[in-house]
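> sequence plus predicted model, see below.
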Amino acid sequence: MCVLQETHYFMVTLSVYDDMGNNRSVGKRLTSLIAMALNLEDAVFEKVGSLDKPYAFLRLLHYPGEVGDSDEVVYGASAHSDYGMVTLLATDAVCREEHKQPRIWEDVRHIKGAFIINLGDLMERWTNCLFRSTLHRVMPTGKERYSMALFLDPNPDCIVECLKSCCSDSSPPRFPPIRSGDHLRERINAAYSSSS
Ligand SMILES: O=C(O)CCC(=O)C(=O)O
Ligand SMILES: [Fe+2]
């Protein structure tokens, strides 16, 4: 069974995608939960413009099942963090997505009907690393994998800088302010230049 055959799941993902660009209630809810977890005002991410004309991208992924017979490990997706604010990921139960906890890689358990939420680099910058962007990778298991990744990013003109409540004299901002579009371009350029 693959996620794309589960019409209901597919429709839910598309309606979340639609919501990201239109009334943005999913984005508001997610960012307010992140704010609450940090003991911040619910609307803090809205107030810094994270949801003003945000960009949402949907990526449909299919990983072939074959595992090469060489000794070299071939990743479904090599270790990376997502570049933007938050990612919602719908997958089938087939392969392993792993998240790096402080030292070890841990399998992400599949829960039917649930999304995996990855925090992206811009969330790390806003929170001054109180919330880290999740390093993750997909390991092949010899079975096909399908997933749908929905990336929610701020508008390219949004200036992302450490939230006032996440820095202090003893914990100064670790990153300078950056235009979201410049950050995304830098990360994309770095990824393509290192893979060529
Ligand atoms: O397919 C997956 O589970 C992960 C996809 C992913 O990490 C990405 O597209 O950034
Ligand atoms: Fe990713």
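Received it, and whenever you're ready, just let me know what you need. Ligands and ions are numbered 1, 2, ... in the order given.

> which bits of this protein sit near ligand 1?
R59, L61, A77, D82, L89, T91, E97, H136, V138, S147, A149 (C-beta under 6 Å from any ligand atom). Placement of C-beta: from N, CA and C, glycine included.

> of the residues you listed, grab the buried ones for ChimeraX.
To isolate the buried ones among the residues of the chain next to ligand 1 in ChimeraX, judged by 16 or more other C-beta atoms under 10 Å, type:
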select :77,82,89,91,97,136,138,147,149
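
> now, which of the residues of the chain next to ligand 1 sits nearest G181?
The closest of those to G181 turns out to be D82 (C-beta to C-beta; 15.8 Å).

> what residues does the nearest residue to S133 once chain neighbours are set aside make contact with?
Closest residue to S133 apart from its sequence neighbours, by C-beta to C-beta, 6 or more residues apart in numbering: S81 at 3.8 Å. By C-beta atoms under 8 Å, 6 or more residues apart in numbering, the contact set of S81 is N118, G120, D121, E124, S133, T134, L135, H136.

> which parts of the chain are strands?
Under the criterion DSSP state E, strands of the chain are mapped to 55-63, 77-80, 86-91, 96-100, 105-107, 116-119, 136-139, 145-153, 159-160, 178-179.

> can you put those in a markdown table and add mean pLDDT?
Listed next are the strands of the chain as a markdown table, based on pLDDT from 0 to 100:
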| stretch | mean pLDDT |
| --- | --- |
| strand 55-63 | 89 |
| strand 77-80 | 86 |
| strand 86-91 | 90 |
| strand 96-100 | 68 |
| strand 105-107 | 86 |
| strand 116-119 | 92 |
| strand 136-139 | 88 |
| strand 145-153 | 90 |
| strand 159-160 | 98 |
| strand 178-179 | 98 |
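
> and the ones you listed as a markdown table, adding distance to L38?
Below are the strands of the chain laid out as a markdown table (distance: least, C-beta to C-beta, whole Å):
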| stretch | distance to L38 |
| --- | --- |
| strand 55-63 | 23 |
| strand 77-80 | 24 |
| strand 86-91 | 14 |
| strand 96-100 | 20 |
| strand 105-107 | 23 |
| strand 116-119 | 12 |
| strand 136-139 | 21 |
| strand 145-153 | 18 |
| strand 159-160 | 16 |
| strand 178-179 | 20 |
